[in-house]
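Undergrad: Sharing a model that was predicted from the sequence below.
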Amino acid sequence: MFENIKRMVTVAVIVALASQIYINLFVSDFKISFGIIMFPVLLYLFESINPSQTGLLAAIFVYMLRIGIFALNNGDYMSAVDSYFPETFFYVAYGMLYHLMNDTNSNMRMKRLFTNLVICDFFSNIVELYIRINWELLEPKFEIAGWLMLVAVGRALTVCAIIVALKYYRMLVLKQNHEERYRKLLWIISQLKTELYWMEKNMDNIENVMSNAYSLFDKITNGKDQDNWAQISVNIAKDVHEIKKEYGLIFRGVEEIIENKLNDPGMNLNDIIKILKDSMLTEARIKGHKLTLEFNQESNFYTEKHYQLMSIFRNLIVNAMEAIDSAGNGRIVFSQKENDTDYIFSVADNGCGISMEDSMNIFSAGFSTKIDYNTGQINRGLGLCLVKDIVEKQLNGRIAVDSKEGQGTVFRVLIPKSILEVC
């Protein structure tokens, strides 16, 4: 809520400043300003703000700024109060019409947007002109309406051109960011493969330690070779110490890779969800899951915690996939909402649900209900434990589960806005 208020104030300030670029038309003090070009562009970019409220706020800011500038230039403001007052009706009317006609900005085709912008611009100008001259000039001079339509078409074309240019620019930047991330990912994989070699080497050492430990146990059990027990124990301790040192080096190496190469700038939630959706659809297809994935998003924000969010969302969605019968008719719904202090994320499925007994242990490391009785393989049971750890320890959030056996499960994650948002 507070974030949207800040955005509305920002839009109002920009529109007020842009409104100082104008030309007079038709009647005294009737101005065609650049502010009304910026107004719909900003409304389109900030989808979450209320256009009607923003229009009212912009009207106030434009009105106050015009009076202030007039007073500074002329030493008097009273004559400007009445003169500039009708202009406020333009922004109020525009905001209300835009609100009524453009309820789904992000999915709107440019052709429909252009038509709506022309209608908003034309009728808002008619409202302002009517308030300003009380209709007396419109009756004998209907050609004014033609000029207003021409102005509306011209400004709508300009707005659409700006929006299209911004979209292409954003796509270009996003493509460059993805290419940069891909290069970093390749570098990370090559470095991690080096560390993996040392881990594989240590597996042999661990096998030797286990063998020596069992040999010592056998000797102690049967009372054999008592003179060498102490030496064998010392050798085992030395080997374990070497393994510990090796894994310490591996850990520091991996940590250095992550710190040096994953120190990326943040991402918008829109981009995170787009990547998540594409990857989850691919994973569902590869694993043969016949299901519907639905993503509902209430707001957008910029965050540097994108890796943590991606890990949380991916684990919850994969967990939901595995809870759905492979026969089909499965449905997973990802939702994002917000309140005054938190962003709220939820992943709901219509799968098998979780029993009351199992729900007490699902966040415990190693616990899993996913067993393949044909192969004997069991899921590691680390996904939900990892999610809980990231949510609570890294993001200072909360996670809860609501499940009914045989009906489905809903996981809800609440994370403070102050943790996710970049100021």
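TA: Happy to help now that I have it.
Undergrad: what about the closest residue to residue 163 other than its chain neighbours, which helix or strand?
TA: Nearest residue to residue 163 in three dimensions, chain neighbours excluded: residue 44, at 5.6 Å (CB to CB, 6 or more residues apart in numbering). Backbone N, C-alpha and C define where each C-beta goes, glycine included. Element membership of residue 44 [criterion: DSSP states H and E] is helix 35-45.
Undergrad: Geometrically speaking, which residue is the centre of the protein?
TA: Centroid check for the chain by CA atoms, centre = their mean gives residue 269 as the closest residue, at 1.0 Å.
Undergrad: Quick check: the gap between that one and residue 86.
TA: Per CB to CB, to the nearest Å, residue 269 is found 40 Å from residue 86.
Undergrad: same check, this time on residue 155
TA: Residue 155 is 19 Å from residue 86, by CB to CB.
Undergrad: neighbour-wise, which of those two wins?
TA: residue 155 (23 against 18; other CB atoms under 10 Å).
Undergrad: The more buried one: what's it in contact with?
TA: By CB atoms under 8 Å, 6 or more residues apart in numbering, the residues touching residue 155 are 36, 37, 117, 121.
Undergrad: Once you drop chain neighbours, what's closest to the last one?
TA: When you say that, I think you mean residue 121. Sequence neighbours aside, residue 152 is the residue nearest to residue 121 in space, at 3.7 Å (criterion: CB to CB, 6+ apart).
Undergrad: Tell me the backbone dihedrals of that neighbour, please.
TA: When read as degrees, to the nearest 10, the backbone of residue 152 gives phi -60, psi -40.
Undergrad: wait, doesn't it sit right on residue 114?
TA: No - using CB atoms under 8 Å, residue 152 is not in contact with residue 114; the gap is 10.4 Å.
Undergrad: where do the contact lists of the two overlap?
TA: The overlap between the contact sets of residue 152 and residue 114 (CB under 8 Å, 6+ apart) is empty.
Undergrad: For these two, work out which one has more neighbours and name it.
TA: Applying other CB under 10 Å to residue 152 and residue 114 shows that residue 152 carries more neighbours, namely 21 against 17.
Undergrad: can you list the weak-confidence ranges in the stretch 151-300 of the chain?
TA: The model of the stretch 151-300 of the chain has pLDDT under 70 over residues 174, 177-195, 197-198, 201, 255-265.
Undergrad: which residues in it form helices?
TA: 229-261, 269-287 (DSSP state H, counting those that start in this stretch).
Undergrad: out of these, nearest to residue 18?
TA: The closest of those to residue 18 is helix 269-287. By CB to CB, the value is 25.7 Å.
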